[in-house]
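Enquirer: from the sequence below, what's the structure:
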Amino acid sequence: PQGTMAFTGKYEFEGDENYDAFVQKIGLPSDKVEMGRNCKIVTEVVQNGNDFTWTQHFPGGRTTTNTFTVGKEADMETMGGKKFKATVKMEGGKLIADFPNYLHTAEICGGKLVEISTSSGVVYKRTSKKIA
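Expert: Have a look, this model is predicted:
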C-alpha cells in the first residue's frame with residue numbers, strides 16, 4: 001500500500017539505461033554529460049503530504065534542490081542547471097513533471113527510486129537504491 005510518506009528517504013544511484021542517447025536529445029553540454037555518466041548521485045527526498053523537497057547531491061559537493069507542492073506551479077531546475085516553472089502532478093503513486101524538453105516521472109518501486117525521463121521518444125531510466 002502507498003503511504004503518504006512513500007518517497008521520503010535517501011537513494012543512491014544504482015544504474016541507468018539510455019543515458020547517452022537521452023542527453024544528446026536534450027542537448028546537454030559535453031562537460032555536463034561526462035559529469036553525469038555513472039555518477040553516484042544521492043537523491044534525498046523529504047515528503048510532507050503534497051509538499052516535497054527533492055535534493056540531488058553530486059560527487060564533489062554540488063547539490064541541486066527542487067521544492068514543490070503537487071498541483072501547484074513551482075520554480076525548478078533541470079539536469080543542466082536551467083531554471084523553469086513546472087506543475088508536478090501525482091498520478092497512481094507517480095510524480096510527473098513537464099521539464100522544458102522532457103517529461104519526468106518518479107516512483108518508488110520495490111524500495112527503489114525509479115526515475116524515467118522521455119524526450120522525443122528516447123526513454124532514459126535511472127534507478128537508485130534506498131540507503132537511509
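
Enquirer: in stretch 10-28, which residues are buried?
Expert: 10-11, 13, 16, 18-19, 22-23, 25-26, 28 (16 or more other CB atoms under 10 Å). All C-beta spots, glycine's among them, are computed from the backbone N, C-alpha and C.

Enquirer: please, which helix or strand holds the residue nearest to the spatial centre of the chain?
Expert: Ranked by distance to the mean C-alpha position of the chain (CA atoms, centre = their mean), the top residue is E115 at 5.8 Å. Per DSSP states H and E: E115 is located in strand 112-119.

Enquirer: pairing partners for that strand, with directions?
Expert: Applying DSSP bridges, strand 112-119 is found paired with strand 102-109 (antiparallel), strand 122-130 (antiparallel).

Enquirer: other residues contacting the last one?
Expert: This points to strand 122-130. By CB atoms under 8 Å, 6 or more residues apart in numbering, the list of residues contacting strand 122-130 from outside reads 9-19, 21-23, 25, 41-43, 102, 111-118.

Enquirer: quick one: buried residues of that strand?
Expert: Using 16+ other CB under 10 Å as the test for burial, strand 122-130 gives 122, 124-128.

Enquirer: can I get those in TSV including distance to V33 and pLDDT?
Expert: Converted to TSV, those look like this (distance: CB to CB, whole Å; pLDDT from 0 to 100):
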residue	distance to V33	pLDDT
V122	14	96
Y124	12	96
K125	17	97
R126	14	95
T127	19	96
S128	19	97
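
Enquirer: skipping adjacent residues, who's closest to T67 in space?
Expert: T53 (5.0 Å; CB to CB, 6 or more residues apart in numbering).
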